[in-house]
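A.B. asks: quick one, what's the 3D model for this:
(one chain, ligands or ions: 1)
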Amino acid sequence: MATIFSRIVEGEIPSYKVAESKDFYAFLDINPLARGHTLVIPKKEVDYIFDIENELYKELFTFAKTVGKAIERVIPCKRIGIIVFGLDVPHAHIHLIPINKSSDMSFDSPKLSLDKEEFEEIAAKIQKAFQDA
Ligand code: AMP
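C.D. replies: Presented below is the predicted three-dimensional model:
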């Protein structure tokens, strides 16, 4: 059965898309630690990120870098933190999280509750910055 993230790529489940290429897709995390918290995934379904073959793995991180740079341009923060857990959804994904201090990356912290309009506004800003890159 397809993962929830594959279903997002296929458009069967809605997402707040921020960027897309032939092989990769980026969208806002629905339970964000910060405004602009984004997930970057390969369209190809692979559970564990270290099982991705080397070329695609390098391209995934290069794509994530471009997305991270786009986030940086529109979300005030010191850095974009990168985390990979993959403990909940069995489809490799990189978390890109705008941070000002290391504790901003703690998944034990309460998540932000944003409404649809806020998600849409953030996604549109990042999408534009990505397209202008
Ligand atoms: P993990 O696999 O531990 O990296 O956690 C999965 C992440 O995916 C969590 O941060 C969830 O909030 C996020 N997530 C799960 N379902 C969705 C969805 N439908 N849209 C956006 N983010 C999601």
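
A.B. asks: contact partners for R35?
C.D. replies: R35 makes contacts with I75, P98, L112, L114, E118, I122, as judged by Cβ atoms under 8 Å, 6 or more residues apart in numbering. C-betas here are computed from N, CA, C, even on glycine.

A.B. asks: what's the pLDDT at the fifth one?
C.D. replies: Note for E118: predicted pLDDT of 98.

A.B. asks: that one belongs to a helix?
C.D. replies: Yes - per DSSP: H, G, I helix; E, B strand; the rest coil, E118 lies within a helix segment.

A.B. asks: returning to that earlier point: show me the contacts of R35 that map onto strands.
C.D. replies: P98 (DSSP state E).

A.B. asks: report the buried members of the contacts of R35.
C.D. replies: Buried members of these, counted by 16 or more other Cβ atoms under 10 Å: I75, P98, L114, I122.

A.B. asks: filter those down to the ones near the ligand?
C.D. replies: Contacts with the ligand within the buried ones among the contacts of R35, counted by Cβ under 6 Å from any ligand atom: none were found.

A.B. asks: of all these, which comes closest to V18?
C.D. replies: Relative to V18, the closest of these is I122; by Cβ to Cβ it sits at 8.3 Å.

A.B. asks: rewinding a little: same list, the contacts of R35, but as TSV with distance to E12 please.
C.D. replies: Compiled in TSV, the contacts of R35 are given as follows (distance: Cβ to Cβ, whole Å):
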residue	distance to E12
I75	28
P98	29
L112	26
L114	23
E118	24
I122	23
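
A.B. asks: would you check which pair of the contacts of R35 lies furthest apart?
C.D. replies: Within the contacts of R35, P98 and E118 form the most distant pair, 14.4 Å apart (Cβ to Cβ).
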